[in-house]
Structure formats: C-alpha cells, structure tokens
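> only geometry, no sequence info:
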C-alpha cells in the first residue's frame, strides 16, 4: 500500500483564502447555519487493490505447498494469486522487467530476478509483501536462477557463462564460483554463451547440471570442483528437464528437437525426436522446426511420463496460433492458445524432485490470458478461471463505479449472468487455492460497469475489495453486421469498432440503462427476468444539425426562426413516430447522404435473454452530406421516462415511454433573450467531422495506438496493449485538444487561456468552427425551481456546456398512469442559471440542510410481468418536496467545471460560494459523492492532483499529488464513487482501485487477503529398504561446508552490492493493525527471534569449536618444545 503525505488544510483558513470566496446574498443567511461534518481528518489517499490480467507478463512461479502463483511483468510488477478473491500486487521500484521468479517453497518468501541484474527477496508473510534484501550485480548480467527445494543457496547464471552462489538468508555472495572456462573442455576455442539452465541432480545434490546456450551441457561436481561429464549437441539449448530418478535428462533445442541423454553416456543422446517434424521416408533427419522454448518431463507411478513443451511447430504453419504440446505415452495432444505463450509450469503432487511427480495440471501464462489445463481428464479440458482476468477481452472505452448500490442488484445480475457461462470446463476445483480472504468490515454492495470497443458492457461485483464478473451485455446484437469489407456500409463515421461504447447512464434503483456508442447511436435498456422475442426493434431517427442562422445576428435579443423543433414542439408526426422500417434517406452516389443513420438496425426478430433488453434505439442521421456529431453527454431518468443526450450540435430529449422526440435544439437556442451571456457566432462553413472519437482511423501510421479516444476529450488514448505510444509533452497536447476560446470574457491572452478548456470531440484543432462550437458536456435531472420567480418545485433538467454555462430546462409531465402514455410532455427553456470557467463536468442539488438530493427515480418492475404484478411493484412518482417560502432559498445547486466550483442558491439564483480549483491545469473528472454521512466534490486534475471540497462552503479538505496524467486512458476511465472509493484503468488490462477515505485506509490491513498460511511440508519420499541398504537413494549435500565463508572465502566486493530492503520489522511496524495484524507481527517477531537465537547458537558452537581447536594446537606446541633448549629451536 502506498500512502501519501496530505497537505491538510485548516478549516478556518479558507475564509480568507484568495481562491475561495463566500458571499452572503439577501435571503441566504440561513446558509450560515449549515453544519458541515466532513473535515480533513476524514480523508487519506492510498491504493487498495489492483484487478485484472498482469499487463505484459514476463515470468511465472508456483509454490506447490502454499498453492500460490506469482506472475512478474515487463514493468517490474509482481502479481500474486491464491484462491478466488486472494490477489496481491506489488512493484519493484526500478521498474525493470522481471526475468525469473523462484519461491522459497513453503517459507513465505519469493526471489525475483530483474533485467537490471538485481535480485530481491520478498517477504510474503505479511499482507503487503515487502523486500527484505536486494543484491545488485555490477559486472555481470543475470540470465538464469535456480533455488533447490529446502536449500538456502541460490545459483545465479550469467551472460558470461559463470555461476555465482547467493545465501538467501543473508543475501551475501559465496566465494564459491563456477567459471565457464573450468566447466567446458579446455580444447573448446569459443565461448559457450550465457547460462540458460541450472539444476541439481534429483538424486544427488552434489551434482549440478549447467546448460550453455551454444548446446553444451555440463554435469559439475560441487565437491571436487570439476566437470564429471560434458554433453555436446550442435543446436542451441533453450531448456533442460530431469527424470526424477536422476539418470536421464531432456534438452529442448532451437531446431525443434528434443534430445534425451543418459547421465553416464555423454557421447551421444540416447534419443533424438522432432515432435512436430515431418519424417522423411529415406531415413534422413526430419525438417527443422521452430525452437522448442521450454520442456518439462514429469513422471507418474501408474503410467507413462508426461512431456509438456511449448513451441517446436513446423515452419509451414505460418500464421498458426501458439500451441502447447502434451506428449503422454504414444499420444500427442496439440493445444492451441489464443495468444503467444510467455511461460508454462506443470503442477505436481509433490515438491520433492526425487519422487514420482504425479502431474495434475499445466498453468500456461499467455501474453493476455492465464489458462490452467487439467491433465487428469480425457481431452485435457481447462479449468474455469475464478480471477477477473477478462477486463481487456475487448479494449475498455468507458468505466463507471457505483458504491453502496441497492442490495438486491448483485443477486439479480448474477442470476441472469450465470446463464451466460460457457460449458465444457474441468469438473475439478481450481488448483491455485492458497491464501485466506481478508476480514473486511465493509459490507456495502459495489458495482463497476465497463464499456468496451466491441459494443459489450460488463457488470462486475466489486464488493469487499474483490472483483467478479456478474453479467455481460452485447449491444451490437441490435444492429446488422457487415459480413465482409466489401459490404461495409459507406455511412460509417468510424472504420474500426463501430459499436464501441462512448458513454453510459445507469439508474441502479430502476435498473434503467442508457448507452451511447461512437456511431452516434443511443440504446435504452430495461431489466427483465423473463425471456422475450422482439419482432421489430423500436427505432427513432433524429436529425440534429448545427444552426447557422445566427451567424449574421449574434445579438441574443434578436428574434430567431429556428429550423429545429422549438421547445415543446412535440407534435411533429414525422419526428414523433418511431420508424419501424429501414431508413428511406438518400444514399446514392449522385447526391450527398441525407437522413441515413450510421448503422442499420436488424430487421429480423431479436431473441432477448433474461437481463437487459432493448426498449428503444435512437440514431442520429446524416444531414446534407455531413455525418452526425458524436454524443458527448447522456442522462436517463426513470421517474420522468425521459432520455436526454447532447453533442456539439445541440441536445435532444426523448420520451422513451411514448417513443417520441420531444426536443431537438441547437445549444444557442437554449439561451433566453434576456441572458447576459451572448451566443457564439458560428462560421458559415460546415466542417466535416473526422471519423474519430473513441475510434480513430484517419492516421494509418497510428491506427493501433490512437484507436481509442477519450469520451471526455479529443486526445488519442491507447486502448491497444500491443504498442503503447511514447508521448512527449503529453499534458500540453491534452490542453491543446481541449482548448477553446471563450466568447464572453474580454480578458488578456493568459486569462483567455485559463478560460479555454472544453471537451472538444475531435482530435484535430485546426478547424476554427469546430473549436468554437459549444457542445453539451453534462446533464442533471432534478426536482427544482426552473425560474427565479417560482416558489414551486417542478421537474427540471440542468444542462452544462463546454463553454461553462449551466442552462435550465423546465419539464411539464402529465399525471402518471395511462395519461402519461397518451398526453404529450411539454418542455420550455428557462435560460442560464450560472456561468463558470471551463466546461461543466458535474452538477448536483443540495437541500436547505446541505444534504444531497438524488434525482427522482421509479422503483424497478419487470416490464414483461403481468399488469397486476407491475402495479404492485410500481409506485407513483414521489410527490414534490415542500415548496420554498417567499424570499427564502431552499435548495443549492452545486456545479463543478474544469476550472471552478460554484454553489448557487435556488430559487434566487444567487452565487453563494465559489472556489477556483486550479489555475495552471484542468479537472478531468469531478463527482459529487457521499461519504461519512455527508457529501463533497471529488476532483481529479490533469496535473495528477486528487482533491476534495466540502459542501456547500467548498473548503479544500484534501489535496494530494497522486498520479500525473501520462496516458489518456486514465482520463477516460477515472471515476469517483461514494464512501471514498475511486478507480481507473492503470494499464489496458488492469483496474487500480484507490480510496480517499481515512476509515478505509485504517481498516485496509484487515480487509486485504492473506497470502501465507501455515501448512506442513509433505514428508520426504521413503527411500525403501533395498535403496537404504545398498545406497542409490537421494544423496544429500551439506552446502554450508562448500559455500560458507569458512570453506569458500568471501566474494569480490565489486561483483555485487547488497541493499537492505524496507521489509524487515521496521517495515512491519506501520503495516500491521488490528488483531490479525498483531498476531502476524508477533508471529514474524517470534520467527525472527528464533532465527536470531539459532544463528547465535550456531555462532557460539563455532566459537567453542574454534577455542577447542586453538587449545589443542597450543597443547601440542607446548609438548613439542617442552624439553628443548633455546638454541635447538
């Protein structure tokens, strides 16, 4: 866990701070009595857990007793996995790639070797693993490590061909070194290359098998310090594996061959096979194949041994997917993988290398997946993976986080999602089953929703620091799919991923889901537990175009004659009817495309399984050859039965109950003639929008890198893990793409820059027209006072724009029931409520006591249930709260933009508080969240700062420089939730969860899972009567006698540098808390004390032995010279 020093802000200082000002307006004095309970002591920032597949994995290890799997990555990260829900993430500070991992089996420790030639010892006996020791090699590059079972001496092979030996207890080098020129024959004229393999003979620990890259294998006698045998083969070696009896070993080679050698017959291999080579009829050598990168040789008591290998396919299988080959007796199974293989391990029943191995599974680490194969069942089925490793199944394009959801939601989603599971998995339990769950006190439900590039949406249960997929929704099913490139519709505004999710709006209480995609489409879903078949998908086509008539009359007081429907114009039959037939717009090559949507809704009946089912599809259409602008904001309200969405052309309000379009308006039309803010004149030149927002296909050279764009900015954001772009001056580029010139404030250039951030939908900044267009950036449905003069609460919609305006739209709804389905909803624009610097990010309402007022909602009912059941579960829209007294303010509107936060009293519309959040940067994400029984604004800035502001006074409570924006993926996916929770995508495959709650930080130790559990090491294999009588059992070796300082001396100081780690007792002091932590700390203290007492006892015994030896030598000398004269000496 990484904790941060927080710049605490004294509560009283903000009253005189230049960045925050409180102005009391007439009639708002009661605001002074609002008691704010949140203080800076309630906030602390720290990372909690990381979920998902380790990004760019590079190595793997398994503890067969503890049953824990470790995965290292190219960025120096370590991910440890136990049973479902037991995960841990830690990071090497250097960030160098992890090239090899070795468990100290059943010791609760792990050794990692890095590409920067350092090795580290991790203590896994604490919930947050820490480094105990490090050793940095200065003169040689590390290529291979080997730690024998129950040994404290680690063999390290290097690029120069030498082998050094490290004591893992003290992390000191032994003076014993195996030099390459001693290992190979003196007659050999060339260097054998790096060490690629080290292992000891399973039956004789004194014999060390060393594999050199060139093809030479040496059996080294550790006691006599010389080579017993040398095995030569003319192809490079990639790996070596022993038979458990220690009489044979197998090598895998670069030409796709496997050579089996008898230990005592070094002249030639006992057997040479090419598993995937075509055998010529004339008896010649088979054709060479691709290298076999790794081989494992595992024996069984009852039957034939298993030989498992990766690679080795013939060269004529170009384009074929990576394969794992399992050879068992006479059968050979070739298992195709979805991604290239990084590493694999065969899991065996025993940790002892000199016993029958009894393999039962193979763990295969792929570039983007982890697969475990059951060797005990026919056909080698895979185990069902319990970890949340499929976040990146399709690149994540948007993310939302909901903490403290209704309790019945997770069971409901799980019940419909459980029917989607694949069949054909192994019947056995998941073999990686170590560790224990944390004793968390947090019991509230948490749900994460991820939107993906293929149009899918996943719901995840994120409760109690775990993550489990609940349900997957495929939005692309609604549309017809082009079968080939030649059938690709020319109306697409994106070439790749036309179904990608841009943004979504979800109401947990009513379970209404609204999704906007990159092809300017909106889909509204209802949740049902019953399967239905929809004969015709309901479709509504909307023609949104940029209003140009105000170019010549920028005066807001001028009478406009809009070509778009005016507020309340809901009687147009052409717009209101939901077309149920294909679009009849013109798409001929002669004229410009017009009235054509980007995607074609399927015409055949749609079978909809239990879960989310399509209610209505809304598509924006081409207008006179211009593609529709992509949707920038979206909101759904179940109580009103309305969906609203906006883009740079304006906004549209749709009644999804009546399937009608209520309002389709340019942004400028929302301003009332009396507004003090003039509308923006626009260029008469229509600029075609490039096909870019989430999916960019303009630049062929960056197609893979810049494919995914932030739904909140136009800057490219890589969603492809194959090639991360190296971005220079990233923040400047992000600022350039967000920059917009404000029409309202006549200030200096610097001020104009500060006021110049907007959520531009395009990655290009060359078009003045596109830059200056005011887009819709946020919505908020509420029961409020639309006008200054009103004292009665009524349904309202707050609209935020990229120019910093908050506009109010009044909604007049018919009574619920049949009238709601028959009578029209009327809408009227009420002008501007407030104006801020920068685009508006979020809005909320507080009541007179400062409590958060959530938008009204309708409780969930099953739309496919009988009418009687619907009526039982369906309640009428809640009655409006009491109205405001004359001259009294009873609500407060909270608005946060990219630069500022403001609190406005309603209905007087007087600014009560204002706070300038940042001068030099801009806010990427802001949310009004509830925490500790109160509410606050949480902000994440582009400069990496995470801040919270109290409500309603906007006092700064937290300001931490957490994470500089290095990737637009973070900007696209960062989101705050209630109860001090937040998350973002830290890599294309991983979600990082953080907390800004002091209480959660304090309880984190108890909530985290425990990796190490006390387990008895299995008994060593029985040697048997005859083996004990005649020898032939496993030969042990006292390595201390060979490698200890007494025998081998000290190693050269310049060879490696020892670095003590922070993970000893000093690192434990602040880490452990609670009863579990105290017990763990006491246990580690006892272990260390016992270890120190043991060391003291050993040193005492050594000193006594030394004293006895000295006494004996002294006595012998005295007897020798006792009777001699001085001249005889």
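Sure thing, it's come through. Because the structure is predicted, anything quoted here is derived from the model rather than measured.
> which residues of the stretch 451-600 of the chain fall in strands?
Shown for the stretch 451-600 of the chain, the strands assigned by DSSP state E, counting those that start in this stretch span residues 456-461, 468-474, 501-507, 512-517, 521-528, 532-534, 539-542.
> right, so of those, which gets closest to residue 854?
Residue 854 lies closest to strand 501-507 among the strands of the stretch 451-600 of the chain, at 9.9 Å (C-beta to C-beta). All C-beta atoms are positioned from the backbone trio N, CA, C, and that covers glycine.
> Centre of the chain to that closest one, how far?
Distance of strand 501-507 from its chain centroid, counting by C-alpha atoms, centre = their mean, to the nearest Å, is 19 Å.
> for stretch 47-58, same thing?
Centre-to-centre, stretch 47-58 and its host chain are 6 Å apart (C-alpha atoms, centre = their mean).
> Ends of that stretch, what's the gap?
End-to-end distance of stretch 47-58: 24 Å, with C-alpha to C-alpha, to the nearest Å as the criterion.
> Show me where the stretch 501-650 of the chain dips below the pLDDT cut-off.
Applying pLDDT under 70 to the stretch 501-650 of the chain flags the ranges 546-591.
> Now stretch 343-363: buried residues?
Applying a neighbour-count criterion of 16 or more other C-beta atoms under 10 Å, the buried positions in stretch 343-363 are 343-348, 350-363.
> Quick one: residues contacting the nearest residue to residue 221 once chain neighbours are set aside.
Leaving aside its sequence neighbours, residue 221 sits nearest to residue 228 (C-beta to C-beta, 6 or more residues apart in numbering; 5.1 Å). Each residue near residue 228 by C-beta atoms under 8 Å, 6 or more residues apart in numbering is listed here: 207, 219-221.
> picking up where we left off before, and residue 1013, which of the strands of the stretch 451-600 of the chain is closest to it?
Nearest to residue 1013 among the strands of the stretch 451-600 of the chain is strand 468-474; the distance by C-beta to C-beta comes to 22.0 Å.
> name the helices or strands packed onto that closest one?
helix 409-417, strand 456-461, strand 611-620 (3 or more C-beta pairs under 8 Å, 6 or more residues apart in numbering; DSSP states H and E).
> Figure out which of those is closest to residue 63.
Among the helices and strands packed on strand 468-474, strand 456-461 comes nearest to residue 63, with 28.1 Å by C-beta to C-beta.
> what inclination does that closest one have with respect to strand 512-517?
With axes from the mean of the first three to the mean of the last three C-alpha atoms, to 10 degrees applied, the angle from strand 456-461 to strand 512-517 works out at 140 degrees.
> strand partners of strand 456-461, parallel vs antiparallel please.
strand 446-452 (antiparallel), strand 468-474 (antiparallel) (DSSP bridges).
> got the contact list for the last one?
Put plainly, it is strand 468-474. Here strand 468-474 has contacts from 84, 386, 388, 390, 410, 413-414, 416-417, 420, 447, 454-461, 513, 525, 611-612, using C-beta under 8 Å, 6+ apart.
> For the residues you listed, which PyMOL command selects only the ones that are buried?
Here is the PyMOL command that selects the buried residues among the contacts of strand 468-474 (16+ other C-beta under 10 Å):
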select buried, resi 84+386+388+390+410+413+416+417+447+454+455+456+457+458+459+460+461+513+525+611+612
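> give the contact list for the spatially most central residue of the chain.
By C-alpha atoms, centre = their mean, the chain has its centre lying nearest to residue 990, at 1.7 Å. With contact set as C-beta under 8 Å, 6+ apart, residue 990 has these partners: 50-55, 391.
> How much space separates residue 976 from residue 176?
Applying C-beta to C-beta, to the nearest Å, the value for residue 976 to residue 176 is 56 Å.
> Which one of the two is surrounded by more residues?
Neighbour count, other C-beta atoms under 10 Å: between residue 976 and residue 176, residue 976 has more, with 26 against 19.
> Residue 938 is in contact with the more buried one, correct?
Yes. Residue 976 lies in contact with residue 938 (C-beta atoms under 8 Å); the separation is 4.1 Å.
> overlap in contacts of the two?
Common neighbours of residue 976 and residue 938 (criterion: C-beta under 8 Å, 6+ apart): 926-927, 929, 982, 996.
> from the residues you listed, which is closest to residue 1107?
residue 996 (62.0 Å).
> Out of the buried residues of stretch 343-363, which sit inside strands?
Among the buried residues of stretch 343-363, the residues falling in strands (DSSP state E) are 343-348, 359-363.
> Tell me the one of those nearest residue 269?
For those, the closest approach to residue 269 (C-beta to C-beta) belongs to residue 346, at 22.4 Å.
> circling back: CSV for the strands paired with strand 456-461, including mean pLDDT and distance to residue 832?
CSV is the format used below for the strands paired with strand 456-461 (pLDDT from 0 to 100; distance: least, C-beta to C-beta, whole Å):
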stretch, mean pLDDT, distance to residue 832
strand 446-452, 97, 32
strand 468-474, 95, 38
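> who's in contact with the nearest residue to residue 534 once chain neighbours are set aside?
Closest residue in space to residue 534, ignoring its immediate chain neighbours: residue 606 at 4.6 Å, by C-beta to C-beta, 6+ apart. When contacts are counted by C-beta under 8 Å, 6+ apart, residue 606 touches 477-478, 533-534, 537, 614.
> Those, buried ones only, as a ChimeraX selection?
The ChimeraX selection below is limited to those of these classed as buried (16+ other C-beta under 10 Å):
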select :477,478,537,614
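> tell me the contacts of residue 655?
570, 641-642, 661-662, 825.
> let's see 10 Å
540, 570, 576, 616, 640-643, 661-663, 813, 820-821, 824-825, 827 (C-beta atoms under 10 Å, 6 or more residues apart in numbering).
> Name only those of those that count as buried.
Burial by neighbour count, judged by 16+ other C-beta under 10 Å, picks out 540, 570, 576, 616, 640-643, 661-663, 813, 820, 824-825, 827 from those.
> Might you list the low-confidence residue ranges for the stretch 751-900 of the chain?
Along the stretch 751-900 of the chain, the model assigns pLDDT under 70 to residues 751-772, 868-887.
> mind listing the helices for it?
For the stretch 751-900 of the chain, the helices defined by DSSP state H, counting those that start in this stretch cover 768-772, 818-822, 867-873.
> and the buried ones among the contacts of residue 655, which two are the farthest apart?
Greatest spatial distance in the buried ones among the contacts of residue 655: 540 and 813, 19.2 Å, computed using C-beta to C-beta.
> thinking again about what came up before, who does the residue nearest to the centre of the chain bridge with?
Applying DSSP bridges to residue 990 gives these bridge partners: residue 52, residue 987.
> and the gap between it and residue 75?
With the distance defined as C-beta to C-beta, residue 990 ends up 11 Å from residue 75.
> Find the residues that touch each one of these two.
Common neighbours of residue 990 and residue 75 are listed as 54-55 (criterion: C-beta under 10 Å, 6+ apart).
> quick revisit: reformat the contacts of residue 606 as TSV; add distance to residue 194.
Converted to TSV, those look like this (distance: C-beta to C-beta, whole Å):
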residue	distance to residue 194
477	53
478	56
533	64
534	63
537	62
614	59
